[in-house]
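Student: need the 3D shape of this:
(one chain, ligands or ions: 1)
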Amino acid sequence: MAQKINDLRDRMIVGLDVPTIWDAYRIVATLGDEASFYKIGYRLAFAGGLDLARQLISEGKKVFLDLKLHDIGNTVTEGVESVTKLGVTFLTVHAYPQTMRGAVEGRGESALRLLAVTALTSYDDGDLKDAGYGLAVRDLVRMRAQQARIAGVDGIVCSAAETEIVRDVIGPDMVIVTPGIRPAGSAAGDQKRTLTPTEAIRAGADHLVIARPIIRAADPRAAAAAIMDEIAGAA
Ligand SMILES: O=C(O)c1cc(=O)[nH]c(=O)n1[C@@H]1O[C@H](COP(=O)(O)O)[C@@H](O)[C@H]1O
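Tutor: Prediction:
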């Protein structure tokens, strides 16, 4: 796994889940060298976040564009083709076979890496049942990881609690990206499948996605530094 990640700092991806690009710039300035990789989700993507992505990339940061695309295959292909021109590192799509095949076609030979979201970390077995699924979380994650490997995407988004199952299915080359990370003592909020940074790294996650425990901390830089210390200690 280590060969996929050149810089230990890249293992921490900070979610810029803030309302405006000015709030995002403030966080990036505050974190300084503590963070090298940022995630832009819908909240910012619909509020100037694509320009922010280009700006961050021009400053040497890496960007994960979290759009969780899901549509008919042709529309996904065309959407992903547009994203390849932004220069972002990661893009999320939902792990439905048609969607993933469409996304792989749109990615083509570009440098964009596609991540397939298996089962959202705010879901437990009961939430999946409510959504009409007859599978437990772990079984759905395993099935979708298998389908993702066959479709040819580049990585999996799952809870760190499922890294072992997923690694077993996808082999050593695809990346595993885990949100739902909570340092000991921090509020889970709406997340249901959480692990600490240390547990996630020890379980084999390549990248940890963390938003509220950093961006809503009284001292975001200290919070990010503490998480990086945990990552370095467990890696
Ligand atoms: O694709 C994601 O990044 C994602 C997938 C998932 O299953 N769960 C999940 O929380 N996320 C994202 O990861 C971030 C987690 O944020 P916090 O719970 O505040 O750390 C949010 O931006 C979510 O949109």
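
Student: next, give phi and psi for Asp173.
Tutor: Here is the backbone geometry of Asp173 (degrees, to the nearest 10): phi -90, psi -30.

Student: how many residues are close by it?
Tutor: By the measure other Cβ atoms under 10 Å, the count of residues near Asp173 is 11. Heads up, the C-betas are built off the backbone N, CA and C, glycines and all.

Student: ok, Gly171 next?
Tutor: Gly171 has 8 neighbours, counted by other Cβ under 10 Å.

Student: ok, the longest strand seen in the chain: who's next to it in the sheet?
Tutor: Using DSSP state E to define each element, the chain has its longest strand at strand 62-69. Its sheet considered, strand 62-69 pairs with strand 37-40 (parallel), strand 90-94 (parallel) by DSSP bridges.

Student: near the ligand, which residues of the chain show up?
Tutor: By Cβ under 6 Å from any ligand atom, the residues of the chain that approach the ligand are 15, 17, 41, 66, 92, 117, 120-121, 157, 179-180, 189, 191, 209-213.

Student: from Val169, how far off is the spatially most distant residue from the centre of the chain?
Tutor: Distance from the C-alpha centroid of the chain, by Cα atoms, centre = their mean, peaks at Gly134 (25.5 Å). Noted for Gly134: a distance of 20 Å to Val169, by Cβ to Cβ, to the nearest Å.

Student: could you do Leu86 as well?
Tutor: Distance from Leu86 to Val169, by Cβ to Cβ: 30 Å.

Student: between those two, which is the more surrounded one?
Tutor: Using other Cβ under 10 Å, the more surrounded residue of Leu86 and Val169 is Val169, with 19 against 15.

Student: now for that one: which residues touch it?
Tutor: Residues near Val169 by Cβ atoms under 8 Å, 6 or more residues apart in numbering: 142, 145-146, 149.
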